[in-house]
Every structure is written in C-alpha cells, then in structure tokens.
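Asks: Build the 3D model from these lines:
(2 chains)
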Amino acid sequence: MTDLAMTNLAKKCLGKKFLAKKALTRKVNPVDIEKIESILATDCGSTTTKAILIEKRDGEFRLIVRGEAPTTVEAPVEDVTKGVLNAVSEVQELVGRQILTDDGSDIIKPRQGNKGVDFYVSTSSAGGGLQMMVAGVVKTMSGESAARAALGAGAIVMDVMATNDGRLPHQKIQRIRHLRPDMILLSGGVDGGTTSHVAELAEIISAASPKARLGIGYELPVLFAGNKDAAGLVKERLQGKVALDFTDNLRPTLERENLMPARLKIQELFLEHVMSHAPGYPHLMKLTDVDIMPTPGAVGDIMQLISRRKGITVVGVDIGGATTDIFSVFQGIYNKSVSANYGMSYSISNVFAEAGMENIMRWVPFAVDERDLRNRVKNKMIRPTTIPSLLEELVVEQACAREALRLSFDQHRSLAVGLKGIQQERSIGDVFEQTMTGQTLVNLKDLNMLIGSGGVLSHAPRRQQSAMMMIDSFLPEGVTQLTVDSIFMMPQLGVLAKVYEQAALSVFDKDCLIYLGTCISPTGVIKDGDVALEASVTMPDGAVVKEILKAGELKVVPLPVGQTARARLKPTYGMDMGNGDGVAIEVEVYGGVVGLIFDTRGRPLNLPKDDRERIKKLQSWNAALDMYPKL
Amino acid sequence: MASAYTPGLKIVGKARFEKDRKLPMRGTVHVKKGERVTAETVVASTHLPGNVFPMNVANILGCEPKEIIEFMVKKVGDRVKKGEIIAETPGLWGFFKNRVESCIVGSLENISTVTGQVILREPPIPIEVHGYVDGEVADVYAEEGIRVATYGAFIQGIFGIGPEVVAPLKMVARDPADVLDAKDISPEHKGKIIVGGSLVTAPALARAIELGVKGVIAGGYDAFDLKEFLGYDLGVAITGNEDKGVTLVVTEGFGKIAMAKKTFDLLKASEGRKTSINGATQIRAGVIRPEVVIPIEGLKDQDVSKSSSMGMTVGTLLRIIRQPKFGSVAKVVSLPEKPAHIDTEAKVRIVEIEILNTGEKLNLPRANVEIIEE
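Replies: Got it, this is the predicted structure:
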C-alpha cells in the first residue's frame, strides 16, 4: 500500500481531526488528538531506556518528569519491555500517580481519571540499531544516494558496495557474508538505464546467500530501489532466497534523488523484520500507539521540523556511547551521518586509535603518561557505564569527545554533498570560478544553530564545557547560536511529532533546548595579539558594550537566556565575518546560560606546537570561560 | 533500606552453567537431551556452503552475455575440476577455440545471460560444534544445536582475546599481586591454562605461545602491550577470533591490578582440574564477557549458590572499577538517597564505601562500583 493510500485509509477510518500531518507510519491507534492531555514517550537506547511524561498544563504541553532504567534487551532478561516498564515505573514514582497496571505489566490507556496516559510512543536503538549494507552501480552516484537513504532512515551503513568499487566479485561476496547485515538496500541505474550491472549486483547478493546476525529463523530483507526496468531481473535472482521488496528508484535520473520512498520502506521493513526478531519487541510494538521508530530517524525528523518551522540552517549532533550521529539541514536539504565507531564509552578506544594520542592530548592542559592514558581509555571501553569522578579524568574524556565530534563531523561533511555526475549549466560568470559537482552542502558560515545532545554534552557539569566542546570540534564560522538538548529527549519528540506536532514543538521549545548563547568567530589567521575584531553590542536595555578582541583570544560577554542584542562586528583585514575580508556585519545575537562567546582564535584553529605554550593557551581559554574549577 | 542496581561480574564457586552450542546454519544434532557429553564431543555438525568464484565467461570468450548459454560445456549443478573446460566456442573449422577453464574444484551454480557471469562454488565446508564443557545436554534445538549444562566454578572475566580452549588449570602466581613474567613460564606449562596475578607482561605472553601454553588468566594486561600483541590498536572491544596461539582472560582490567582475592582463591582451589575458557568479548549490544568454567564432578543442583541479587545494600561487597582506588575491594557503608556533587562538580547518585584492606572511607559515584557476585 502506498503512503498516500495509507493516509487516505487512516483519514477515512479515524476522521480528519486525528491526523495533524501526513500519516507516515502504518500503525496509528484511534485516539482523538484533541482529547490527548497526557503522553508517555520512551527511547530504548543500547544501555539505557529513557521515559518522559508530557502533560498539558495551563493549555500547553510541558515535560513533567523523566525516568530511566537499564535497557533489558540482553541476557538475563532478554525482553526490552521490562526495561521500558522499569523506566515508566520510575516516572510514576516521580510524578506520584499510577501509570502502570497493578501487576506492572502494561500501561493504563486511555487515562482513567488520575491513572494512566492517553498516548504512548517509543523509539529504539537497542540491540545495535539497524545495520545495513547498501549497493549501487556507481559508488559516487547511486551508491552514495543509497547510503543517504539508509542513513536518513536511521540505519548504520556497514558498507557501500558498487560495481566500480575496485573489489573483485568474490571479495564482495566474502564481505557480505562476513558483515551479516540486518538488511540490504540494492539500487543502481537511472530509470531506463543499465540493467546488467544491477543484475550483477543481485547475483552477488544471491551468491553470498547472507545469513543475518539475528539467527537462523531470520529471513534477510533486501529492498530494491533502482532502475524500474531491472526489477524483473532482480526478482529472478533473489526471489525465494531473501525477503525481497521493491520501492521507487531512489535515483530516477542523474539530476534527481528520490530518497523518501526508500526511507519509509526501510523503516517499515525494520519493524516487520528486525524489530520483530529483537527480544521483547513484539510485545512493545503492541503497547505503542504508533510504530516504533529507529532513534536516529526520529531525531532527524525533529531537526528537519525545527529547521522548517524556524526557517534556519541547523547542524545537530548526538554523541552516544557507541556511535555519533550528525544531522544537518542546509539549502533545505536534510542529511544525516552515523559514525558507527565514534562514541564516548564502547567506542572511546576507537576514537583514541583513529584520532591518535597527539590529537587527544592537544586539548589537555597537563601532561599524562602514555601507558597510563591508554589503560584508562581501554578501561572505560570495557566498563562503559563508569563516569569520571576526578577532574583530570573529566578533562581527558572531554578531550576525547572533541576528537569524536571532529572525526564524525568530517565524515558528515563528506557525505552531505550535492549530487555527483550531473550536468551543470555554466554562465560566463563561472569562467573564473568553476566548482565541481558533489561539493559538500555544509557551509559553516551559513549555519544558524548548532544543537548538541548525548551524555557528554547534555550532562557536562558546567555548560561552558558543552559550549567549548562544540566550538572546538565544529569550529563554527561567523555567528552561530549554540544549544544543547537538556536531557536528550529529541528521539521521543521526533516520534511524537509524527502524530502530534504541536505537542512535540511545545516541549521542544520550552523544555528540551538549553540555549547556551551565540558564538562569534571570524575566519582567517593573523598574528596572535593583533586586533582581530571590534564589536559593538547594543543590549536589550539600550546599553552599548564595546569590545576589542585580539587574535588568539576567547572572551565572554554575558547575555541571559531569552534576550536578544544587536551587534555590529567589524573584523580587521585578514579576518572575515561572512561578508568578506574586513567587512563589518550587523546581526542579532541570542543570549544563553553562557552568553556571547567571542572566539578570535582564528579559523583554521592552530594550537601551539610547543607543549608549554599550548598548555598556557589552554589554561587562558579555560579561565576566560571559567570552564573548570582549579585544575 | 536503600539499595541500588549495580550488577557485577560473576565469580561463583558452585554454579550451574549453561551455554548454547549452536550451528551457524541448519545441520544435524548428534546428541540427545540428558546425554552426558565431554568438552570434546561433537554435538552438532553441518556443512557451510563453499566459497563462490564468479567468472565472466562472456568477457573471456569475447561474446555477448546472452550467447554464453550456447558455449557452456558444463550445466548448472555439474561438478567441475580445477582446469576443466566449462565453456568453449566452436572456433573456425575446429581451430582457434576460446575456452574457459574452471579455477576451482566444486560445482557450477549459476549461469547469467544478462551479465555473462558464471558462478562456481567450492565444496561445502564441514563445521563441527563441540560440547565445550564436560556436562550433559540440557536441551536440544532441532537442527540447530544444544544447550549444554554443567555444575562447577564459574568466573566471568572483563576482557579477553582468543577462542575457546580446554586444558588443565595450573597456578603460577603465588599471590594475587604477583606479576606473571617470562621467567615464570616453563616447559611443564605446555598444554595447560596458567594463572598469573596482577599482570601478565608482554614477554610472558610471548613465552607462553612459544612453549605451547593453551591459556592465560591474569588480573591485568597493559593496553600498550595489547596494541603490540595484536599488531593494531583495538578500537572496539569485539574479540574472540584472534589466532595468536593462546587465549587470554583478564579478570580486572587494563594495567597492573591485583586479581580479586576471591577469584584467585577459587582458581587456586581448582588447580589441576579440566578447565574451559573463552576469550570472546563483545562490549556493545549483546554483551559477551570472557569466561572460565571449571566443571566439578558430583556437584548437584542443591549445592549451587542461589543468591543472584543484583541489588546493592549496606554491607554488600564491591569492586571499584574506576579511578581513584581502581581495583580495590570495598563494602557499602551507606547509600545516600540524594544525588551529591563529586570532584568534577557533576551531581550524581553516590555510595559511601570502606576499602577492606585499609579501612579508608570514600564517596564514589554508584556507576563506578560493581557488586562482587557471590
């Protein structure tokens, strides 16, 4: 059934009033949306299940309480519902009213007086999330489009296989067998284009006869989203061997990507196949009022919604224990990347290995013995739930976080690109500046808002630490508003927004985001100590604050949350605020718990090579933002 | 009474141990429920499909893909030998023939007239699953494998490398704080699983491999040495498939950390017994910890320690799993209800503990301790 047909059916069955927006999910239990006053939302993470209670108070939806419990997808419990019920049990204790049935095995729905809730939604990334392989004919064309479709649906892309990826057929077959993905997305060929290459890819998949990691009884879903003329050939080769499904071509022409049908189909197959094989999910799926969404898919949806509603460009990051997801919306185009092995606990050792000791240590303002540091990092990896209780350990972990974010953002930039291989119309004006196709869409000078989430950013003891971790790793340029997700509730709000956008947005604005302030950072590099920027900030009360910022400096001007000021920012020659070398700009700047952060350290940011000099610099920056108690 | 959920690694003297022994795909189960098996018994077996080798016959013959069917000498399902002709063009008056020879011994699986590709498959690869421990078959999964059960000592490690091995246990360290060095390992340790104290050094591991020691159990291992040993910096803790000639089980963590006394005493009491160890570790979804299983003949269900409470209460024995005092064993003094500030200024749930051998009292985040399970 097409999505449109599903929407029409849902409207017919439930009445127009029900659907706030197009029904993107298949399952929607019949509830009158205007009668909803109490919503329970959970997110089953790899280690922790988080539950939030949202209720209507004085006519608007607000976050009431949050509870959490260990995720129980693993032995000995092996039933994800148990962790959900434990987290909800904490919520009911905190709110002081009954939500679960007397035996604690179900959620009371709909609300009966003071008991229960009206609506329940959930997201999940437990059990390693959705792990996919994608295939396309040309690696940089349909291969990349397929990867974007899978990532946008909330998957981790384990490998991109393509006819021209340089591997021999038997190597590709071995790779599929070795990786054991949860699902394969097969694409390739524009409509009316090559069919033989697509057939070849299908033959490789067929020969590999991949065994999924979810056990013998699991039939591997393979989704074909390529040249419609090749569908018959794919069917001949794969029918009966895998759970084969078809959707619209995700690259119908070279100039156009059509990712949404593939994304929706992936999420559908994720529920039908992957989730139904995960311990306890069939039970959880019965409890929810709408389909369970993969966590990153839900976060991506809320990011897009915010970008659309506020008319801004957004970069969002969720740094978890195992993976780091980055989302961006530039030029109205949404992109998401999952860096599967960059994270703060399970993957911290990989961050260390990939970034290298030198890159980690450049953020640490004291000396550490290499053997000792390696042991500490590996001990965090094998005991991922521990937290730093010494200040020095916190500083080292935040240094690792900077590198995890930097590496993930590099990956994101290389993925969030325009379509490659398309014909470009050029005018005479392009003679001196011919850009290639497939350039990154991420332009930091155009970035309006940077949103951080995940334990290391959301739970940093001082908000200045969150702000500086994001600034040091993303290196925003020009004027950028900084925010963090207070308690990481974006996944729950993302899935809620599918059916009740108003409630999700209300909570997002009032309870989810913590406004840190605005980062003001000219690009360019000039000599340390020279004047880099002259700023004149007209405060809400009319007072004018004038600052002369020198190169190599960090400085904070307080501006409280909710307040806006008008700033005239005049960079010196050699520095650029976005309008050109030395050209002044006038902009609105937003307050926050940290305030206005003037970062005139230059872009690119170069730290001194000499250890003593570097430590001195770090100490002065830390002092400027009052980052840590005395180290 | 205040309590908290902080599960720890299992160190149990008398336990019932059960483990699934499953094939990677359907096959034959060779034992019945209730049957006695040894670690070496083949409990199930199957054949994995052989490796496949695609050959682009159309390219080699210089013809259109759709034409290859006319030139195929072998058909789908036919057996082939290495060097045997599988396709051939008629040539000109019997001369100038183009031929395609099989590159493997196996069978012809598929001919594609769209891509011109022919897929050859090697003979099936036999796979056997062994019992792993001496015990009995607790359950049979038809065509998949069994669940083996035994009674004995069970120790979970924190990190390991290398596959399953079964061998007699031999104590080398005399004290949980002893360092296991190369000089401590001698030819008499060949074919055994040896036990060190607080650390196994890089030269000791190299010596163990040289002398044919099957396994090493130690409190700590240096992360720097791990990098040198594996030849790469381990990024994600997924291990078990390393083919290094020895299996290592680390019980406490990275660095020099005295083995927990309880673990050490349990191993000491089991010296000489047939022991099964597995270094496989997976620290992400589907946590797998390395393990040491020492079956004890004659042990029955009623002898097994039943307490498996995962709750922490006053008096509970703990291990500190992060700095400061990493590795120390302590007991719970109190569990304050309200979150408190720690050195980093983070506000977290804490536990007040007393370190057993020094009597020192400390407040630590609850996340940084684990229960020593009895």
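Asks: and residue A:522, how far is that from chain B?
Replies: Residue A:522 sits at a distance of 32 Å from chain B (criterion: Cβ to the nearest Cβ, to the nearest Å). Every residue, glycine included, has its C-beta placed from N, CA and C.
Asks: Let me see the contact set for the closest residue to residue B:175 other than its chain neighbours.
Replies: Among residues not flanking residue B:175 along the chain, residue B:197 sits closest, at 5.9 Å (Cβ to Cβ, 6 or more residues apart in numbering or on different chains). With contact set as Cβ atoms under 8 Å, 6 or more residues apart in numbering or on different chains, residue B:197 has these partners: B:173-180, B:218-219, B:258-259, B:264.
Asks: Looking at those residues, which is nearest residue A:610?
Replies: Nearest to residue A:610 among the contacts of residue B:197 is residue B:179, at 37.4 Å by Cβ to Cβ.
Asks: For the contacts of residue B:197, which single residue is the most surrounded?
Replies: If you count neighbours using other Cβ atoms under 10 Å in any protein chain shown, the busiest of the contacts of residue B:197 is residue B:219, which has 31 neighbours.
Asks: Can you classify that one by secondary structure?
Replies: Judged by DSSP: H, G, I helix; E, B strand; the rest coil, the three-state class of residue B:219 is strand.
Asks: So it sits against residue B:195, correct?
Replies: No: the pair residue B:219 / residue B:195 is not scored as a contact, 9.8 Å apart, by Cβ atoms under 8 Å.
Asks: number of nearby residues for the closest residue in space to residue B:365 that isn't next to it in sequence?
Replies: Closest residue to residue B:365 apart from its sequence neighbours, by Cβ to Cβ, 6+ apart: residue B:348 at 4.7 Å. Neighbour count for residue B:348, taken as other Cβ under 10 Å: 18.
Asks: give me phi/psi at the residue in the stretch 251-400 of chain A positioned nearest to chain B?
Replies: When scored by Cβ to the nearest Cβ, the stretch 251-400 of chain A has residue A:350 as its residue closest to chain B, at 3.0 Å. When read as degrees, to the nearest 10, the backbone of residue A:350 gives phi -70, psi -40.
Asks: How about the contacts made by the closest residue to it other than its chain neighbours?
Replies: Using Cβ to Cβ, 6+ apart and skipping residues adjacent in sequence, the residue nearest residue A:350 is residue B:235, 3.0 Å away. Counting by Cβ under 8 Å, 6+ apart, residue B:235 touches A:341, A:347, A:349, A:350, A:352, A:353, A:354.
Asks: Can you name the two of those that sit furthest apart?
Replies: Within the contacts of residue B:235, A:341 and A:352 form the most distant pair, 11.4 Å apart (Cβ to Cβ).
Asks: from the contacts of residue B:197, which is closest to residue B:151?
Replies: Closest approach to residue B:151 among the contacts of residue B:197 (Cβ to Cβ): residue B:264, at 21.6 Å.
Asks: part of a helix, is that closest one?
Replies: Yes: applying three-state DSSP, one finds residue B:264 inside a helix.
Asks: That one contacts residue B:177, doesn't it?
Replies: No: here residue B:264 lies out of contact with residue B:177, judged by Cβ under 8 Å, at a distance of 9.4 Å.
Asks: Could you list the domains of chain B?
Replies: Domain ranges of chain B: B:52-121, B:158-289, B:311-371, per automatic domain parsing.
Asks: mean confidence for the shortest one?
Replies: Averaged across domain B:311-371, pLDDT comes to 91.
Asks: Could you tell me the end-to-end distance of that domain?
Replies: 8 Å (Cα to Cα, to the nearest Å).
Asks: Same check on stretch A:122-135?
Replies: Terminal residues of stretch A:122-135 lie 30 Å apart, using Cα to Cα.
Asks: which bits of the stretch 301-450 of chain A sit near chain B?
Replies: Remark: the part of the stretch 301-450 of chain A in contact with chain B comprises A:322, A:341, A:346-347, A:349-350, A:352-354, A:370-372, A:374-391, A:393-394, using Cβ under 8 Å from any Cβ of the partner chain.
Asks: List only buried entries from those residues.
Replies: A:322, A:341, A:346-347, A:349-350, A:352-354, A:374-389, A:391, A:393-394 (16 or more other Cβ atoms under 10 Å in any protein chain shown).
Asks: Let's see which of those residues end up in helices.
Replies: Judged by DSSP state H, the subset of these located in helices is A:349-350, A:352-354, A:374-382, A:391, A:393-394.
Asks: Next one, pLDDT for the closest residue to residue B:280 other than its chain neighbours please.
Replies: Spatial nearest neighbour of residue B:280, excluding adjacent residues (Cβ to Cβ, 6+ apart): residue B:240 at 2.9 Å. Per-residue confidence (pLDDT) for residue B:240: 87.
Asks: What strand or helix carries the residue in the stretch 401-550 of chain A positioned nearest to chain B?
Replies: Closest residue of the stretch 401-550 of chain A to chain B, Cβ to the nearest Cβ: residue A:461 (3.8 Å). According to DSSP states H and E, residue A:461 maps onto no helix or strand at all.
Asks: Give the full set of residues in contact with the closest residue to it other than its chain neighbours.
Replies: Nearest non-adjacent residue to residue A:461, counting by Cβ to Cβ, 6+ apart: residue B:345, 3.8 Å away. Taking Cβ under 8 Å, 6+ apart, we find residue B:345 in contact with A:461, A:462, A:629.
Asks: Looking at those residues, state which has the most neighbours.
Replies: The most crowded member of those, judged by other Cβ under 10 Å, is residue A:461 (21 neighbours).
Asks: What distance do you get for it to residue B:348?
Replies: Distance, residue A:461 to residue B:348, using Cβ to Cβ, to the nearest Å: 10 Å.
Asks: got it, and residue B:110?
Replies: Look at residue B:110 and residue B:348: by Cβ to Cβ, they are 59 Å apart.
Asks: before we move on, what about residue A:389?
Replies: Look at residue A:389 and residue B:348: by Cβ to Cβ, they are 8 Å apart.
Asks: where do the contact lists of the two overlap?
Replies: Common neighbours of residue A:389 and residue B:348, counting by Cβ under 8 Å, 6+ apart, are B:342, B:365.
Asks: Can you pull the residues of the stretch 51-200 of chain B lying near chain A?
Replies: So the stretch 51-200 of chain B meets chain A at B:51-54, B:65, B:109-110, B:112, B:114-115, B:117, B:119, B:121, B:144, B:158-159 (Cβ under 8 Å from any Cβ).
Asks: Now for these: which two are most distant?
Replies: Greatest spatial distance in these: B:65 and B:158, 55.4 Å, computed using Cβ to Cβ.
Asks: Excluding covalently adjacent residues, which one is nearest to residue A:363?
Replies: Closest residue to residue A:363 apart from its sequence neighbours, by Cβ to Cβ, 6+ apart: residue A:399 at 3.8 Å.
Asks: Checking that neighbour next. Helix, strand or coil?
Replies: If you use three-state DSSP, then residue A:399 falls in the helix class.
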